[in-house]
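**Student:** Sequence and predicted structure are below.
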Amino acid sequence: MLQLRHKALARGDLLELALRLRDVTAAARALFIVNDHVDIAIVAGADGVHLGPDDLGVDAARRIAPEGFLIGASASIPEAARKAVTAGADYIGSGPAFSTPIKKEKSVIGPAGVTAVTAAVDVPVFAIGGIDETNVAQLTALGLRRVCAIRAIADAADPESAARRLRAMLDE
């Protein structure tokens, strides 16, 4: 799965990038998710959208989304995860699992917090925030096998190898 997450790009440029990524992910037979913008996701033909607490609500997105469109939501506590699932979320992104320079204002919930969210819902839960090769074992030790990683892959000298190593660590 590839998620397009770019907080600063102008909406027109974001749509153009989403359209190009849709072509790439379709050829690779990979799921393509757009972060924050359900309209751009739909126009680009993405497989879904991931919504944060400041974005359009899951229930509203579900009303305008086409059949089979995936909707993910962020939740750092079990109650928020249950609410998102009740509104129609197909999966949850939960964290931050570890400290991250991207979301300094958010309190780290740790692997135990992600585990609590996972136990509260019956949809897939992905650990997010600060995940890399040095700490993924803390998640797998608790039975967590789904993660989202940005810096661990994007900042790597060889992003493909970094992604493959992280994936292998989730299977251990």
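**Tutor:** Perfect, I can see it now. Residues are numbered from 1 along each chain as shown.
**Student:** C-alpha only now, for contacts and for neighbours.
**Tutor:** Fine.
**Student:** Where does the prediction get shaky in this protein?
**Tutor:** Within the chain, the stretches with pLDDT under 70 are 103-104.
**Student:** Show me the strands in it, by range?
**Tutor:** Using DSSP state E, the strands of the chain run over 2-4, 32-35, 48-51, 70-74, 91-94, 125-127.
**Student:** Could you name the helices and strands sitting against the second one?
**Tutor:** Right, strand 32-35. In terms of contacts (3 or more Cα pairs under 8 Å, 6 or more residues apart in numbering; DSSP states H and E), strand 32-35 is packed against strand 2-4, helix 11-28, helix 38-44, strand 48-51.
**Student:** Tabulate these (a markdown table), appending distance to A156.
**Tutor:** Output for the helices and strands packed on strand 32-35, formatted as a markdown table (distance: least, Cα to Cα, whole Å):
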| stretch | distance to A156 |
| --- | --- |
| strand 2-4 | 17 |
| helix 11-28 | 20 |
| helix 38-44 | 27 |
| strand 48-51 | 24 |
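**Student:** can you tell me which of the ones you listed comes nearest to P66?
**Tutor:** Smallest distance to P66 across the helices and strands packed on strand 32-35 (Cα to Cα): 7.9 Å, for helix 38-44.
**Student:** does I153 really touch A163, like I thought?
**Tutor:** Yes: if you go by Cα atoms under 8 Å, I153 and A163 touch, sitting 5.9 Å apart.
**Student:** returning to what we had before: any chance of the strands of the chain in a markdown table with mean neighbour count and distance to T100 as columns?
**Tutor:** Putting these into a markdown table (neighbours: other Cα atoms under 10 Å; distance: least, Cα to Cα, whole Å) gives the following:
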| stretch | mean neighbour count | distance to T100 |
| --- | --- | --- |
| strand 2-4 | 17 | 18 |
| strand 32-35 | 26 | 18 |
| strand 48-51 | 26 | 19 |
| strand 70-74 | 24 | 16 |
| strand 91-94 | 26 | 13 |
| strand 125-127 | 26 | 13 |
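**Student:** With that, I have no additional questions.
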